[in-house]
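Enquirer: give me coordinates for this.
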Amino acid sequence: MRNLGQRLVELTGGWAKEERVRIDRLFQRAMYLFLLSIVVFCILGIVLAFYIARLFVQPLVQMQQAMDKIALGDFTLLPETGSRAEEFNSLYKAFNRMIHELEEHQEQLVQSRKIAAIGTLTAGIAHELNNPINNIAISAEALEEDFSTLSPDEGLAIIHDIQIQSERASEIVRDLLDFARSEQTEVEPLSMAELIKTSVKLVRNQLSLSGIQEDIELPKNLPPVLGDRKSLQQVFLNLFINAIQAMSQGGVLKVHLALLEQPPWQASPSGDDRHWLKVEVSDTGEGINPQHLNRIFDPFFTTKLVGKGTGLGLSVSYGIIKKHNGYIEVHSEKGKGTTFAVIMPVFEETNLTKEGAS
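Expert: Just a heads-up that it's a prediction; the model follows:
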């Protein structure tokens, strides 16, 4: 009986030990499954959170990027189709309507600046028109008084002078009307030197009346730029008018055009093999206070007296140059003058092909 009892105790002890081992294994498996389920749940949560973030945050990021482009003058519309929620598609449509209206207002602002520039040039243009008109009147009076005594050749010479003066007056009016005319943007290869010459011609008499000398350096045979003639002409006209107003006691207007040997520092250093033209417009006026330089291109900011400026000329010019993939800089020293630099990419067929392929 004692031996049998001992064997029963040993058997029950072995069974208990095996049961404890089985329970430990089951507990470990349960822990492994629990930890695995937590890991899977976390992974699914991260994936779901990423999907939700992409679904809701990405459209907002795209809208923010679009607003940054608008600030630089780029009014490219957002794509209204995609895997976004219907609410975002409606928001994109409303956002695109706002961009379209802003672009229309920008064009109206550009046109209003043209009219304001014409108002500034009125005195000079009127004086410049007065010269050929007076010459026409004098020649016509001389022809009337001496008609009976003039030889045919002398009469033809006076008539020829009248024709020349008429063409001169007509050219002045035509240049002014071409500048003021509101047209659709027409991008074409342009000679920067010819563009500057045309712009200087509009302010030349204003320079003479203000006692300002010209120092214009326009090298020949430089490559063209790709842009809208009227918009770029407005930029240079704004810069010339600002320079004239800064030199109320006379001075020197310097306009230098050059081909850059290396890209400007703002251009992307990687893969940008374009060439650039740089136009510097300098005056010998009072200069700009250093604290105003970082705001000089802000809309409605002006250092001029009330009624002398709207603060829109440089802002509009900045937007036009940015729209042409260019840059505009300003350097000034108080009491010594100001220099504006307009930097434009050269029109090259190879780069145009690359842009189209990309």
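Enquirer: helix or strand: which one has the spatially most central residue of the chain?
Expert: For the chain, the residue nearest the mean C-alpha position is Lys322 (1.7 Å; CA atoms, centre = their mean). Here Lys322, judged by DSSP states H and E, is contained in helix 313-323.
Enquirer: got the CA positions of the helix or strand just after that helix in CSV?
Expert: Using DSSP H and E, the helix or strand that follows helix 313-323 in sequence is strand 327-333. Coordinates of the C-alpha atoms in strand 327-333 are reproduced here as CSV (Å, rounded to 0.1, in the frame of the first residue of the first chain):
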residue,chain,number,x,y,z
TYR,A,327,14.8,88.4,-61.1
ILE,A,328,14.9,92.1,-60.1
GLU,A,329,17.2,93.4,-57.4
VAL,A,330,17.9,96.8,-55.8
HIS,A,331,21.1,98.2,-54.3
SER,A,332,21.2,101.7,-52.8
GLU,A,333,23.4,103.9,-50.7
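Enquirer: for the helix or strand containing Leu207, packing partners?
Expert: Applying DSSP H and E as the criterion places Leu207 in helix 192-209. Here helix 192-209 touches helix 86-145, helix 152-180, strand 212-217, helix 229-246, strand 251-259, strand 276-283, going by 3 or more CB pairs under 8 Å, 6 or more residues apart in numbering; DSSP states H and E. The way it works is simple: take the backbone N, C-alpha and C, and place the C-beta from them, glycine included.
Enquirer: first to last residue in stretch 240-260, what's the distance?
Expert: From its first residue to its last, stretch 240-260 covers 22 Å (CA to CA, to the nearest Å).
Enquirer: quick one, what contacts Leu195?
Expert: Arg229, Leu232, Gln233, Phe236 (CB atoms under 8 Å, 6 or more residues apart in numbering).
Enquirer: same thing but 7 Å
Expert: Arg229, Leu232, Gln233 (CB atoms under 7 Å, 6 or more residues apart in numbering).
Enquirer: now do Gly287
Expert: Applying CB under 7 Å, 6+ apart, the residues near Gly287 are Ser332, Glu333, Lys334, Gly335, Lys336, Gly337, Thr338.
Enquirer: just to be sure, it is in a helix?
Expert: No - assigned with DSSP: H, G, I helix; E, B strand; the rest coil, Gly287 falls outside any helix and is coil.
Enquirer: and it, how far from Gly337?
Expert: 6 Å (CB to CB, to the nearest Å).
Enquirer: same deal with Leu253?
Expert: Taking CB to CB, one finds Leu253 at 10 Å from Gly337.
Enquirer: rewinding a little: between the helix holding Lys322 and strand 327-333, how big is the angle?
Expert: 140 degrees (axes from the mean of the first three to the mean of the last three CA atoms, to 10 degrees).
Enquirer: got the CA coordinates for helix 313-323 in CSV?
Expert: Extracted in CSV, the C-alpha atoms of helix 313-323 (Å, rounded to 0.1, in the frame of the first residue of the first chain):
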residue,chain,number,x,y,z
GLY,A,313,5.0,100.6,-59.9
LEU,A,314,7.8,98.5,-58.4
SER,A,315,5.3,95.8,-57.2
VAL,A,316,3.9,95.5,-60.6
SER,A,317,7.4,95.4,-62.2
TYR,A,318,8.4,92.7,-59.7
GLY,A,319,5.4,90.5,-60.7
ILE,A,320,6.1,91.1,-64.4
ILE,A,321,9.8,90.0,-64.2
LYS,A,322,8.9,87.0,-62.0
LYS,A,323,6.3,86.0,-64.6
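Enquirer: excluding chain neighbours, what is closest to Pro223?
Expert: For Pro223, ignoring the flanking residues on the chain, the nearest one in space by CB to CB, 6 or more residues apart in numbering is Val346 at 4.5 Å.
Enquirer: so, low pLDDT: which residues of the stretch 101-250 of the chain?
Expert: Applying pLDDT under 70 to the stretch 101-250 of the chain flags residues 103-131, 135, 172, 174-185.
Enquirer: for the closest residue to Asn96 other than its chain neighbours, helix, strand, or coil?
Expert: Spatial nearest neighbour of Asn96, excluding adjacent residues (CB to CB, 6+ apart): Leu77 at 4.7 Å. The assignment at Leu77 comes out as coil when based on three-state DSSP.
Enquirer: can you verify my assumption that Leu77 contacts Met98?
Expert: No - Leu77 is beyond contact range of Met98, at 10.3 Å (criterion: CB atoms under 7 Å).
Enquirer: tell me where the longest helix sits in this protein.
Expert: Assignment by DSSP state H gives helix 2-71 as the longest helix of the chain.
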